[in-house]
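# Using only what follows, build the 3D model:
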Amino acid sequence: MERTIRVLVAKPGLDGHDRGAKVIARALRDAGMEVIYTGLQQTPQMIVEAALQEDVDVIGLSILSGAHMTLLPKLARLLRDQQMDDVLVIAGGIISDEDAATLKSEHGIGAVFGPGSNTHDIVAYIRANAGVARD
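Just a heads-up that it's a prediction; the model follows:
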């Protein structure tokens, strides 16, 4: 029997737009994943604490505020400090290709999904990569 993938969906920073996060949360639930949605305006510390308490496999971050190069590296650092290197972190929102490459190569963000991404692709990526230890 396969364990249900647990995903924490969060909105870091001062961004007040959560429609995309709710669409993703629904798609992941419809795909059979357990989803915990933290709501708006979460700090990296709040997100990591929730991920620790909920024992999640994946953290999905939706960010539209432009603060991704500050908030996502901080969150990644906090996860490492908690020895949570096995938690897959993915992001979505308005993130340039250059910033996405840096977030993936230097900060351990697994994938970045921009506007118009197909929810089936996101589900497939999570299923293929959740629980896979990362450097």
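
# So what's the gap between stretch 40-53 and the chain middle?
Offset of stretch 40-53 from its chain centre (C-alpha atoms, centre = their mean, to the nearest Å): 11 Å.

# got the contact list for it?
Stretch 40-53 is contacted from outside by 8, 10-16, 18, 36, 38, 59, 61, 71, 74-75, 78-79, 82, 84, 87, using C-beta atoms under 8 Å, 6 or more residues apart in numbering. Quick note: C-beta positions are derived from backbone N, CA and C, even for glycine.

# Return a selection command, for use in ChimeraX, containing the buried ones of these.
For the buried members of the contacts of stretch 40-53, the matching ChimeraX selection, counting by 16 or more other C-beta atoms under 10 Å, is:
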select :8,10,11,12,13,15,18,36,38,59,61,71,74,75,78,79,84,87
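
# Mind checking which of the contacts of stretch 40-53 are in strands?
8, 10, 36, 59, 61 (DSSP state E).

# Looking at the residues you listed, which two lie furthest apart in space?
Pairwise distances across these peak at 13.1 Å for 36 and 61 (criterion: C-beta to C-beta).

# who touches both of these two?
With C-beta under 8 Å, 6+ apart as the test, residue 36 and residue 61 both reach residue 9.

# show me what contacts the residue nearest in space to the middle of the chain?
The residue lying closest to the centre of the chain (C-alpha atoms, centre = their mean) is residue 60, at 1.9 Å. For residue 60, the contact set (C-beta under 8 Å, 6+ apart) comprises 7, 8, 9, 10, 21, 24, 28, 90, 91, 92.

# ok, residue 89 - contacts?
Applying C-beta under 8 Å, 6+ apart, the residues near residue 89 are 58, 59, 61, 72, 75, 76, 79, 108, 109, 110.

# Looking at the residues you listed, which are in helices?
Among the contacts of residue 89, the members found in helices (DSSP state H) are 72, 75, 76, 79.

# Tell me the one of these nearest residue 115?
Nearest to residue 115 among the ones in helices among the contacts of residue 89, with distances taken as C-beta to C-beta, is residue 72, at 17.2 Å.

# Please identify the buried residues of the helix or strand of the chain with the lowest mean pLDDT?
Lowest by mean pLDDT, DSSP states H and E among the helices and strands of the chain is helix 19-30, with a mean of 94. Buried residues in helix 19-30, counted by 16+ other C-beta under 10 Å: 20, 21, 24, 25, 27, 28.
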